[in-house]
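> Sequence plus the predicted model coming up.
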Protein chains: 10
Amino acid sequence: MPKPAIPTRAKSLETFANPASHRDYQIHMEIPEFTCLCPKTGQPDFAVLTLDYIADRLCVELKSLKLYIWSFREEGHFHEDVTNRILDDLVKATRPRFMRLTARFYVRGGIFTNVVAEHRKKGWKPAAKVELAEFPAQSNTRG
Amino acid sequence: MPKPAIPTRAKSLETFANPASHRDYQIHMEIPEFTCLCPKTGQPDFAVLTLDYIADRLCVELKSLKLYIWSFREEGHFHEDVTNRILDDLVKATRPRFMRLTARFYVRGGIFTNVVAEHRKKGWKPAAKVELAEFPAQSNTRG
Amino acid sequence: MPKPAIPTRAKSLETFANPASHRDYQIHMEIPEFTCLCPKTGQPDFAVLTLDYIADRLCVELKSLKLYIWSFREEGHFHEDVTNRILDDLVKATRPRFMRLTARFYVRGGIFTNVVAEHRKKGWKPAAKVELAEFPAQSNTRG
Amino acid sequence: MPKPAIPTRAKSLETFANPASHRDYQIHMEIPEFTCLCPKTGQPDFAVLTLDYIADRLCVELKSLKLYIWSFREEGHFHEDVTNRILDDLVKATRPRFMRLTARFYVRGGIFTNVVAEHRKKGWKPAAKVELAEFPAQSNTRG
Amino acid sequence: MPKPAIPTRAKSLETFANPASHRDYQIHMEIPEFTCLCPKTGQPDFAVLTLDYIADRLCVELKSLKLYIWSFREEGHFHEDVTNRILDDLVKATRPRFMRLTARFYVRGGIFTNVVAEHRKKGWKPAAKVELAEFPAQSNTRG
Amino acid sequence: MPKPAIPTRAKSLETFANPASHRDYQIHMEIPEFTCLCPKTGQPDFAVLTLDYIADRLCVELKSLKLYIWSFREEGHFHEDVTNRILDDLVKATRPRFMRLTARFYVRGGIFTNVVAEHRKKGWKPAAKVELAEFPAQSNTRG
Amino acid sequence: MPKPAIPTRAKSLETFANPASHRDYQIHMEIPEFTCLCPKTGQPDFAVLTLDYIADRLCVELKSLKLYIWSFREEGHFHEDVTNRILDDLVKATRPRFMRLTARFYVRGGIFTNVVAEHRKKGWKPAAKVELAEFPAQSNTRG
Amino acid sequence: MPKPAIPTRAKSLETFANPASHRDYQIHMEIPEFTCLCPKTGQPDFAVLTLDYIADRLCVELKSLKLYIWSFREEGHFHEDVTNRILDDLVKATRPRFMRLTARFYVRGGIFTNVVAEHRKKGWKPAAKVELAEFPAQSNTRG
Amino acid sequence: MPKPAIPTRAKSLETFANPASHRDYQIHMEIPEFTCLCPKTGQPDFAVLTLDYIADRLCVELKSLKLYIWSFREEGHFHEDVTNRILDDLVKATRPRFMRLTARFYVRGGIFTNVVAEHRKKGWKPAAKVELAEFPAQSNTRG
Amino acid sequence: MPKPAIPTRAKSLETFANPASHRDYQIHMEIPEFTCLCPKTGQPDFAVLTLDYIADRLCVELKSLKLYIWSFREEGHFHEDVTNRILDDLVKATRPRFMRLTARFYVRGGIFTNVVAEHRKKGWKPAAKVELAEFPAQSNTRG
Ligand SMILES: [Ca+2]
Ligand SMILES: [Ca+2]
Ligand SMILES: [Ca+2]
Ligand SMILES: [Ca+2]
Ligand SMILES: [Ca+2]
Ligand SMILES: [Ca+2]
Ligand SMILES: [Ca+2]
Ligand SMILES: [Ca+2]
Ligand SMILES: [Ca+2]
Ligand SMILES: [Ca+2]
Ligand SMILES: [Ca+2]
Ligand SMILES: [Ca+2]
Ligand SMILES: [Ca+2]
Ligand SMILES: [Ca+2]
Ligand SMILES: [Ca+2]
Ligand SMILES: [Ca+2]
């Protein structure tokens, strides 16, 4: 069995300056590679994370986010707890106007669990949404 | 025919302390293995349950929820009634800020029936929802 | 050709007492086996009906609903008319807090027609909806 | 209730000359509007029919096929029997090189039943199929 | 080449009396067979139209709608313009409480264009919508 | 809790005479309501069964099949074993030319298991299949 | 109404030299914009064409193919006939080793019709197909 | 290797007069062919753009939009930045009442990123949306 | 951070006696929770495994398979290599008549990689497959 | 506009030793990020490539494959030609037992074009395929 290189895993989250901070706009990130351990049994747990946020002055840097996600690999966490914890870390690092984290965990005991948590900056209000017609991709070409 | 072990089925629902009770966040659970009996004919009925809730001080413990669901296996219940009854039991055990139970029953007489019931804690108000763009999974990678 | 038994078809709709009338909850029924005739040409028409309602004191009984639906088999009705007529009959039988009937008719002349009609009990108001995250079935298990 | 016009329903199947009888080519027809009665109970049965054939000298005429399908509306037939019977009628009318009829019936007793029957002209052999890559519609445009 | 019969194409739209004018209800029509010409190049354009309306005293008659749609076959029109024009014609003919026309055009230059336009009768207000749970078709039967 | 009527569950499988035994044709049945118990732990197991067969002189009767399926509800069986056992019972009852049983079990331990078993009558040979083009439903109407 | 430019429509099909004629490889083209007229009634007919071929010395040029397809716009043709006719024209222009044309026509009279026709060069034999595992797009990334 | 012709790529965006400026209506464009370079590494980046807008006096001309999109091919841009930049250019060219740009980028580092940005004309208010029932395409024809 | 219990991970694969070894039947297992490390960089890799086999005298025991899969969590392996290695281990443990392992790895460098490997017992031959019609789940109930 | 770093693009394809050359197994790679130019007009062309191969002694190295794909970005190539050319380069580099390249190009002139080309090593024969039942992902868990 080959010896793996020493994994680079880090709790630190790097940021960069929001290039359009004059505007509320949405950044959406899908992170399918989350895994940690069950604190009771040590068995592996898996989840897909979705991060949506409206940056204030900082955006989260992609590569450090990846390494942060890897850092949970050998840690024990309950579903409800770890979702709130990751949200807290991301909020602390980027101080966003708004942030929502969605975690969809793999089946355990025949039951599927998702957790959705949000942070809103004090005093921040979303503009009323302009509701437009939406279309499935390429619904205007037939086949 | 092998003899089955004595099934462990229990009406009791265990709970644990909400790890982030300072925040309204959503817990979503899909429970595909519900079955009971028709009180008139004794014939098996099947349903998929979906539970969504915003915990207050208690979360429902996964394993006890599984055993609770199994406890209906040999009981007779009508669709509209059993959905409200399960919601009542879950509310009593966890005293949530909000809870919604959705039951999708298998076809009977060529007709498909779903039942959706909710409980709201007195005085609790949901924060106004921040409406974001949503995306089908991996809509930003082509194939 | 074998002789069919005499079909049981009835306009009457039976009801039973709402088991949870203290609560506004939704009953959803999918009825794929609707057929009637075109009043002009006598040609068969087909539709899928979807019934959603919030019962007040009465729920519609499943088997009588099935027979009621069959009763249209040899009658002539226009699309817009028959949808409103069935809604009227269901409202009269169950006096619901709210009821919506959706009829999706098969293609005619290359055009697809759906009709959606609603009834609201005078003075009834729906609670403001609690907007939760929704998930496609089993979106938290991968494949 | 309006009186329906007298329905036009006919067992006869009209044909026209195959415009390319020098070649084995496939005609595929989807017929979603089949209904008959259960011979035991008189209750309505529904099915979607799919007809695939390789014509010899005759093709089945579309409008007469529609009327033929309607002719079953008030007749009693078992699933396995009626599928074979329709195939027999179509074979008798068109004498095809090959014909396959697929009937997909609506759910009864919680069980879904499909029936597939074929006829091959004596001595007729299909050419060995040229297997090509197949693609879902518009798989080469992204979205 | 066979000579086609003279096509029946007409700009006139016929109507019939709304059978349930005491109620705001929705009529939805999908019209996949729209084609016209590009006014610059004469090349054929294709679109799928969707019509949604709440009738006032008149409903649009299906067959005349089909012929009206065919009448564009040899005319030149830009995408944004023709959508608004068809809406104007339908409004003029039926004087609806509300009408929405959606046109999804086929790809041109690698870009897909949809246009959505609406008309509201002066003074008409929609009732506040009752938000119900919605389900994909047959989500309560597994497979 | 209401007392369920005594369930009718029977191991016996009834049959009827194949109405087209001069022809090899396929009968396909989807049976989503199978449940039994784990012989080790007594916990409920669930599966969707699919039955495909080419009858010889007997077809399986729908209602007795339903009751037979229900008869497993309180019995303990392993996945691989119960699939082969049901196939054996069906073969014994109907003596088919060919029969295939597919069982798709619900997830256990994060792993999904399906089992597929077949029986062929001695000396029976399927006709070489005529390979036709296949189409997704309604692929020839756009939307 | 603006006057359309004079459409460019041509029956001629241009070709170019096959850049890899030493190899049997498949060219697959999806052509969603076919329309002609019904020879009996003059009503517009629509179809989606799919062309698959293995070129010999000539490939069909894309732009001339588009113009050729447009040339049917004002001509009257029956479904079965026009599919075979287009195949004949394409074969005559390109003399391919193998060619298959699939036409999926819009619904008429509630029935959906597809036609599939093929040409094989005399003496040409396809290599036996190497059967590989196939995957839906991005089935190896979860979401 | 053949020498490519000199590509026509232009930052300029052409417009034409809004044909229905008396009405707020939505124009939706899907633009799947966006590519630029990573400013750090020079590696190609890809995205699908979706543009939704309510024109004021000007609409964006399709062909110039295509050329504008191509103009990014050899430029280096970060995801969050380029989305806001394209929106700014489109707003400057057309001065719309409302505009939303959605960019869905291909996966990098195992993470999928989408960006959604909007512009609203000062003082412009959308009419309150009329909420109608929506249907998946052809949900009223079965198959 | 809670301390995880010591994980139970084991290379050993337990087996049980095939309950129907007189018959060739297929066992299909979906295993979504595979992860190992990149031997070069130490970064986590993820895959979904699918195992299909025809047992001879032994079947693989579910729980030991789960633990075996977990045992790769901290090991370094290349995609092509680890797939063949797992197949080898499973073959050694169960000595099957036939076994196929499919591994679908998560995206790396914008490229998605799957690996499919098979083992066949010397002298074993599959029975010629009986080709039946196949149906998408519940294609015989409309919606 | 930021200055992009100098892109790394290379025609060379690196390889590594096949870790299981004693066995015919399939490697499947999806490559969504291919773009080149039209040799006539210089306009960008896009395609999704799928590579399937059975290695002999060499496997293609992932990173060099990515760089090779990028090397086409500023080159002009016709669809049919570039697909065969890439296959030729990959065959030359890896000398596989079998290789199939599938290219699905974006729409041009309203027509979608795919090209599929294969190489087989002289004297190599695939083992006869063992046909197993196949299942859509998670078809054995309901929702
Ligand atoms: Ca489980
Ligand atoms: Ca919305
Ligand atoms: Ca039924
Ligand atoms: Ca029709
Ligand atoms: Ca919503
Ligand atoms: Ca039933
Ligand atoms: Ca095939
Ligand atoms: Ca184009
Ligand atoms: Ca909605
Ligand atoms: Ca589990
Ligand atoms: Ca029609
Ligand atoms: Ca296959
Ligand atoms: Ca990656
Ligand atoms: Ca990547
Ligand atoms: Ca097959
Ligand atoms: Ca085009």
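Cool, got the structure. Ligands and ions are numbered 1, 2, ... in the order given.

> Using neighbour counts, pick out the buried residues of the lengthiest helix in chain A.
Longest helix in chain A, counting residues (DSSP state H): helix A:79-94. Applying a neighbour-count criterion of 16 or more other CB atoms under 10 Å in any protein chain shown, one finds A:79-87, A:89-91, A:93-94 buried in helix A:79-94. No exception for glycine: its C-beta is placed from N, CA and C like everyone else's.

> Show the average pLDDT along it.
The pLDDT scores in helix A:79-94 average 98.

> returning to what we had before: now compare the buried residues of helix A:79-94 and name the two farthest from each other.
A:79 and A:94 (23.4 Å; CB to CB).

> Could I get the full set of strands for chain A?
A:15-17, A:26-37, A:44-54, A:58-60, A:98-105, A:112-120 (DSSP state E).

> Is chain J within reach of the fifth one?
No. In this structure, strand A:98-105 remains apart from chain J according to CB under 8 Å from any CB of the partner chain; the gap is never smaller than 13.0 Å.

> and that strand, is it in reach of ligand 1?
No. Applying CB under 5 Å from the ion, one finds strand A:98-105 separated from ligand 1 by no less than 12.2 Å.

> Who are the packing partners of that strand?
Packing partners of strand A:98-105 (3 or more CB pairs under 8 Å, 6 or more residues apart in numbering or on different chains; DSSP states H and E): strand A:44-54, helix A:79-94, strand A:112-120.

> roughly how far is that strand from the heart of the chain?
Distance of strand A:98-105 from its chain centroid, counting by CA atoms, centre = their mean, to the nearest Å, is 5 Å.

> swap in the last one?
Put simply, strand A:112-120 sits 10 Å off its chain's centre (CA atoms, centre = their mean).

> got the contact list for it?
A:79-80, A:83-84, A:87, A:91, A:96-106, B:20, B:23, B:25-30, B:62, B:127, B:130, C:132-133, C:135, C:138-141 (CB atoms under 8 Å, 6 or more residues apart in numbering or on different chains).

> ok, and of the residues you listed, which contact ligand 6?
The subset of those lying close to ligand 6, counting by CB under 5 Å from the ion, is empty.

> What about contact with chain I: does the longest helix of chain A have any residue there?
No. For helix A:79-94, no contact with chain I is found by CB under 8 Å from any CB; the gap never falls below 8.5 Å.

> wait, does that helix contact chain B?
Yes. Counting by CB under 8 Å from any CB, chain B is contacted by helix A:79-94 at A:80-81, A:83-84.

> Out of these, which is nearest to residue C:38?
When those are ranked by distance to residue C:38 (CB to CB), residue A:83 comes first, at 55.6 Å.

> what pLDDT, on average, does stretch A:127-143 get?
Computed over stretch A:127-143, the average pLDDT equals 77.

> re the thing from before, can you tell me which of the residues of helix A:79-94 next to chain B comes closest to residue F:35?
Nearest to residue F:35 among those, with distances taken as CB to CB, is residue A:80, at 30.0 Å.

> surely that closest one meets residue B:27?
Yes. Counting by CB atoms under 8 Å, residue A:80 does reach residue B:27; the two are 6.5 Å apart.
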